[in-house]
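S.K.: dropping a prediction and its sequence here:
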Amino acid sequence: MRKDFRTISSQAALSEAARMFERERIWVVLAIDEGRLVGYLRREEVSAALPAQPAGARIVEDSFQARRLTVAMAMRKNIMPVLPETEIEAAARIMHDSGLAALAVVDAKGEMLGYLNHEVMLEVLVDDMGGAKGGCRLVFEAEDRPGVLHEVAGVACRRNVNIISTSVFRHGDRSMVVLRLDGGDDDRQVRREIESLGYRLENPGDFTSEWTQENIQ
């Protein structure tokens, strides 16, 4: 989770939030009252709520009208809290299903600890898939049965090839296993042995038919 979040009181003037956005070059601030998260405010909501400014103006002036507007009047309240022990997959599912840009991480008392956003989720994906560690990527179709990973791991072990990461995902009605290997030239031997066990290795060309405009639509 991120801990470098910026906060503001829900009762602060919206013009104060505008200056914060301008000064710190951020896109969102969290509204915190007495240690508790009550909402969040994005740059575009500030721009939409404040009176129109002259062309070229960078910071909202404290006009009477602007001072009457508070963060509470423009902030969103649909940010959902999760506990620190929430599994990252569960947090990702909440964000996906609810169409949220971020999740607040709070303790048992509801006090703000940090937040999760799309950037955090992408970092987790890259790390879990071993994308930052290089190596060779293998994708093969497999049955939903016990022992598949045991068989494939045995091949890598016999060839003294390290498995950097492994994941399983569904593609339509098919189960696809993704391995990232770190074994140099021995990767090719692993490929051949996996195929000899009856697994079909996939490559981008196998999905060409799905890239057509008709299928995309």
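M.R.: Looks like it came in fine.
S.K.: residues near Ser167, how many?
M.R.: Neighbourhood size, Ser167 [other C-beta atoms under 10 Å]: 13. Backbone N, C-alpha and C define where each C-beta goes, glycine included.
S.K.: pretty sure Phe5 is in a strand, no?
M.R.: No - assessed with DSSP: H, G, I helix; E, B strand; the rest coil, Phe5 is coil; it does not lie in a strand.
S.K.: ok, it touching Gly114?
M.R.: Yes - Phe5 is within contact range of Gly114, at 6.8 Å (criterion: C-beta atoms under 8 Å).
S.K.: which stretches of the chain have low pLDDT?
M.R.: For the chain, residues meeting the criterion pLDDT under 70 lie at 51-67, 183-186, 207-217.
S.K.: quick one, helices of it?
M.R.: With DSSP state H applied, the chain shows helices at 14-24, 43-49, 64-68, 71-74, 88-98, 118-128, 148-158, 186-196, 213-216, listed in chain order.
S.K.: now do the fourth one: which elements does it pack against?
M.R.: It refers to helix 71-74. Other helices and strands packing on helix 71-74, by 3 or more C-beta pairs under 8 Å, 6 or more residues apart in numbering; DSSP states H and E, are helix 14-24, strand 36-42, helix 43-49.
S.K.: looking at Phe5 and Gly114, which is more packed in?
M.R.: Legend: neighbour count by other C-beta under 10 Å for Phe5 and Gly114, higher for Phe5 (21 against 15).
S.K.: what residues are up against that one?
M.R.: Each residue near Phe5 by C-beta atoms under 8 Å, 6 or more residues apart in numbering is listed here: 29-30, 112, 114-115.
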